[in-house]
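Trainee: Build me a model:
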Amino acid sequence: MGSSKKTTVGYNYFGSFAQALGLGPATRLTRITNGETEVWTGDLDPSSADGDGLTLLTTTLGTLRFYWGTDTQNPDTLLQAAQIDFGAGPISIYVPAWRGVIYYVADDIAFGGQPVPPSLKFEFERQMDLLDLTFHAVESDAVIPEVIYELLSSTLYGAGVPTADLATTAFEAAAEILIAEGIAASPFLDENSDVREFIGKLLAYIDGYLRFADGQISLGLMRKASTAGLQLIDESLLADEPRPINEGWKNTWNFTRLIFTDRENEWEADAVETYEDIANAALLGERTDEEIKLPFITRRAVAKLLAKRKALKGGLPAMTWELETLPSLRTLRPGDRAKLTFAKRGIDERVVRILEVNRSARDNRLVKLTVEEEITRDESHDYVPPADDFGSSPDEFQLADTTPRLSWLTSELKEGAADGFLVACHRPHPLLEGFQTWFTWDPLLKAYGQIALASAFPAAGEVAWWCRARNNTGWLLRIEFQTAADAQRVSTLLAESADVYAAVGRRLYKSVGSSVNQHQVDVLWLRAVGDGYLAAISATELVIEFAGAAFGSVSPAMETLAANGVYPTLQVYAGLKTDFTFIRGEMQFERNAGNAPAFRWGFTTTSQDTDLKRYVAAPTYNLLEAQDVADAGVTIYDRNDTTMCPEGTYDNDWGARVATLAELFDYAGIATVFGGVHPGQAAVAELDAALFALTFGIGTADEALLAEDTNDIFGYMTLTGATWYNKA
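Mentor: Residues are numbered from 1 along each chain as shown. Okay, here's the model as predicted:
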């Protein structure tokens, strides 16, 4: 018989312990990990707690008793039941409620093969609600001015400054600017630090400063702002020449490495975002590095923005001046801006920011100022790179169709060519690089041939309504763009006073007398008025003022008793001229002739292109591949089909004519009277408000411009009994 042998291979340890996590109250708990292993995930808030402030969490290691750090939580009963033997027998120990402290108690959980407790990491949020803000968090990150406000006012762990001594409105104004910029962070304090030092760290994240003025502590941000009304410091206020303190390019750099905490990569503490200042590198003739650590940043998008800001500031030498001024400038405070002029040194109204103010207790003594030349920038037109998305699905890179819409060209747009046509296409999604234009007169008899390549798309949308403006010299169009990105691009182009055009289908329309409703083969070209009316109705809708007859096209017009109206259609494209594709040449597109070669048979010359159709395909492409022509969107222009127009018909036309604002408002009003809701009700809300304001004499200039045409039309209809929406 054999014998058995017993072998010990190890032990599994279990235990209980408690650990404080931070000051409360926490507002959200989402994840717990043991090293890199996730042991619990969820989305809980304090409403999950029982009457003692306790939430029980079932993890893969065992049960955790989580306390949210509220002011009403009670002592943990498990800890209260614990006893300690100091040599005279077990005794109970006093256990406080630790109110205001976020902590947990591990109840006999698995330690594993080592007799030491696991290192648990909790991912939770503590959201503040001290200021009157649009949001108290940006993508789960804290709004830094609110954090600073709490550090200044808290009597538990802050400076204990009474809120009456804090300029609350200044903190709120700074917070709203940062919310709009998307800059927020998740500060943590895990080592001994005084309030002044910690606030100093936070100010570096937002380019902010604290100052004491008018009996209160105020927060300001260093941002590009208007220089109108700034204090002028010139020879009449200077007691001596300005003394420059300038180390030149010595302390500048051109390659910035910003270290942050990447929440999208398991909270990697040493994630890096870089920015290279090519201009500084060219001046210095070498690469100079600077590493900036901002561990409270948790999103790469914020790290990108701050890396650029720090880099551009670090790439320029700081020009500092020491000034001695007359006592009248003793009211200046650090953070203020002023203009410095001193002709002898060639200084002419340079904008400077006050860094230090030294003044005597006596009002009649000179004031010493340290100022730095202002280098803040206007970032509103900066290129914004797309957000990093390491989890992108391969499907996002798939090719997609775009619909080509065609039009005849004006003589000006033909640029001397015998013929030509417009191709307008929308961008199906942002990862497409462009499209090709292919043409044939019959795909069964003649293969498609490529005739153009485009790497730009105009912004596509639909017109909700239109009206005349400025005594019939302009037109307002309300456009709902396909995407918010399209609307934002058009807004940006308009802000830059660029030549922005809209191409919209042309529709002849007449409702009185001999009725007409005819789609035309040429579009209306409208040019945006650079300083004209512009209103953002939503993220995708804009009201834009245009001037007509761009590139020699026809202008819009309302119908009259004697004349047809020229109305815009539903489909519209907007952008720069270079966003549109113009095909020019000798092919027969507009001209009424075939494109196929003519063949002579006996005494007869014939062409295979007897249908006079033009097929245009628009296969899209990206960096990886291009669509096959057979899979692309196609539009057909039939020169012989006069169903919609004597000059021919498109199979994908530009849509029905768009009602004027007066018509839409009238339809919506009638529906309201009869207790219904018209589909265009939301589109006329701004006009309704404008007419109401103007009735009571409180309307703005923009409201007057929006309402003037509709007001005149309704007045004319009431006065004359006209049944069409025109005051002519």
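
Trainee: which ones are touching Asp234?
Mentor: Residues in contact with Asp234, defined by C-beta atoms under 8 Å, 6 or more residues apart in numbering, are 340-342. Quick note: C-beta positions are derived from backbone N, CA and C, even for glycine.

Trainee: go on, Gly24?
Mentor: Gly24 makes contact with 68-70, 100-102, 126 under the criterion C-beta under 8 Å, 6+ apart.

Trainee: with those residues in mind, which one is nearest to Ala213?
Mentor: Arg126 (30.6 Å; C-beta to C-beta).

Trainee: Quick check: the gap between the closest one and Asp419.
Mentor: As judged by C-beta to C-beta, to the nearest Å, Arg126 and Asp419 stand 69 Å apart.

Trainee: do Thr403 as well
Mentor: On the measure of C-beta to C-beta, Thr403 and Asp419 end up 23 Å apart.

Trainee: and what of Asp522?
Mentor: 13 Å.

Trainee: Please flag which of the contacts of Asp234 sit within strands.
Mentor: Among the contacts of Asp234, the members found in strands (DSSP state E) are 340-342.

Trainee: hmm, back to that, adding secondary structure, distance to Pro162 and neighbour count as columns, could you present the contacts of Gly24 in JSON lines?
Mentor: What follows is the contacts of Gly24, written out as JSON lines (DSSP: H, G, I helix; E, B strand; the rest coil; distance: C-beta to C-beta, whole Å; neighbours: other C-beta atoms under 10 Å):
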{"residue": "Trp68", "secondary structure": "coil", "distance to Pro162": "28", "neighbour count": "26"}
{"residue": "Gly69", "secondary structure": "coil", "distance to Pro162": "24", "neighbour count": "24"}
{"residue": "Thr70", "secondary structure": "coil", "distance to Pro162": "24", "neighbour count": "18"}
{"residue": "Gly100", "secondary structure": "coil", "distance to Pro162": "20", "neighbour count": "14"}
{"residue": "Val101", "secondary structure": "strand", "distance to Pro162": "25", "neighbour count": "18"}
{"residue": "Ile102", "secondary structure": "strand", "distance to Pro162": "27", "neighbour count": "22"}
{"residue": "Arg126", "secondary structure": "coil", "distance to Pro162": "23", "neighbour count": "17"}
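
Trainee: just those: which has the poorest pLDDT?
Mentor: The lowest pLDDT within the contacts of Gly24 belongs to Arg126, with 87.

Trainee: Least confident secondary structure element in the chain?
Mentor: When each helix and strand of the chain is scored by mean pLDDT, DSSP states H and E, strand 598-601 comes last, with a mean of 67.

Trainee: Quick one: the helices in the stretch 51-200 of the chain, in order.
Mentor: 77-80, 144-153, 168-181, 195-206 (DSSP state H, counting those that start in this stretch).

Trainee: The last one vs helix 144-153, what angle?
Mentor: Going back to what we said before, that points to helix 195-206. 170 degrees (axes from the mean of the first three to the mean of the last three C-alpha atoms, to 10 degrees).

Trainee: Now do helix 195-206 against helix 168-181, angle only.
Mentor: 40 degrees.

Trainee: Off-centre distance for the helix or strand Asn280 falls within?
Mentor: Using DSSP states H and E, Asn280 sits within helix 278-284. Its chain's C-alpha centre and that of helix 278-284 lie 31 Å apart, by C-alpha atoms, centre = their mean, to the nearest Å.

Trainee: what's it packed up against?
Mentor: Applying 3 or more C-beta pairs under 8 Å, 6 or more residues apart in numbering; DSSP states H and E, we find helix 278-284 packed against no helix or strand.

Trainee: for the next helix or strand after that helix, which positions count as buried?
Mentor: Next helix or strand after helix 278-284 toward the C-terminus (DSSP H and E): strand 289-293. Neighbour-count burial for strand 289-293 flags 290, 292 (criterion: 16 or more other C-beta atoms under 10 Å).

Trainee: Now do the helices in the protein.
Mentor: For the chain, the helices defined by DSSP state H occupy 77-80, 144-153, 168-181, 195-206, 278-284, 300-314, 411-414, 484-495, 661-673, 685-695, 701-720.

Trainee: want to throw those helices into a markdown table with distance to Asp240 and mean pLDDT?
Mentor: Output for the helices of the chain, formatted as a markdown table (distance: least, C-beta to C-beta, whole Å; pLDDT from 0 to 100):
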| stretch | distance to Asp240 | mean pLDDT |
| --- | --- | --- |
| helix 77-80 | 69 | 91 |
| helix 144-153 | 37 | 95 |
| helix 168-181 | 33 | 95 |
| helix 195-206 | 32 | 94 |
| helix 278-284 | 32 | 87 |
| helix 300-314 | 29 | 93 |
| helix 411-414 | 64 | 96 |
| helix 484-495 | 44 | 92 |
| helix 661-673 | 65 | 89 |
| helix 685-695 | 56 | 90 |
| helix 701-720 | 49 | 92 |
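
Trainee: ok so, going back, between the contacts of Asp234, which has the most around it?
Mentor: Leu340 (23 neighbours; other C-beta atoms under 10 Å).

Trainee: now, of the helices of the chain, which is deepest in the fold?
Mentor: helix 144-153 (a mean of 22; mean count of other C-beta atoms under 10 Å).

Trainee: Against which helices or strands is that helix packed?
Mentor: Applying 3+ C-beta pairs under 8 Å, 6+ apart, one finds that helix 144-153 makes contact with helix 168-181, helix 195-206, strand 208-213, strand 216-221.

Trainee: Let me know which of the ones you listed is the nearest to Gly715.
Mentor: Closest to Gly715 of the helices and strands packed on helix 144-153, according to C-beta to C-beta: helix 168-181, at 41.7 Å.

Trainee: Any stretches of this protein with poor pLDDT?
Mentor: Counting by pLDDT under 70, the low-confidence segments of the chain come to 1-10, 363, 384-396, 600-605.

Trainee: mind giving me the domain ranges of it?
Mentor: 13-125, 137-221, 231-373, 408-435+453-590+641-650, 661-720 (automatic domain parsing).

Trainee: now these in CSV, with distance to Asp611?
Mentor: As requested, the domains of the chain are arranged in CSV below (distance: least, C-beta to C-beta, whole Å):
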stretch, distance to Asp611
domain 13-125, 63
domain 137-221, 56
domain 231-373, 54
domain 408-435+453-590+641-650, 9
domain 661-720, 38
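
Trainee: Tell me which of these sits most buried.
Mentor: It is domain 408-435+453-590+641-650: most buried of the domains of the chain by mean count of other C-beta under 10 Å, with a mean of 19.

Trainee: Does Gln520 touch Pro646 like I think?
Mentor: No - with contact defined as C-beta atoms under 8 Å, Gln520 does not reach Pro646; the gap is 9.6 Å.

Trainee: how near is Ile91 to Ala626?
Mentor: 81 Å.

Trainee: ditto for Ala282
Mentor: 38 Å.

Trainee: for Glu38, same thing?
Mentor: 42 Å.

Trainee: before we move on, back to that, if we compare the helices of the stretch 51-200 of the chain, which one ends up closest to Glu496?
Mentor: That would be helix 168-181 among the helices of the stretch 51-200 of the chain, by C-beta to C-beta, at 19.6 Å.

Trainee: what's the spatially closest residue to Gly53 that is not a sequence neighbour in contact with, if anything?
Mentor: Residue nearest to Gly53 in three dimensions, not counting chain neighbours: Gln73, with 2.8 Å by C-beta to C-beta, 6 or more residues apart in numbering. Going by C-beta under 8 Å, 6+ apart, Gln73 touches 49, 52-54, 67, 97-99.
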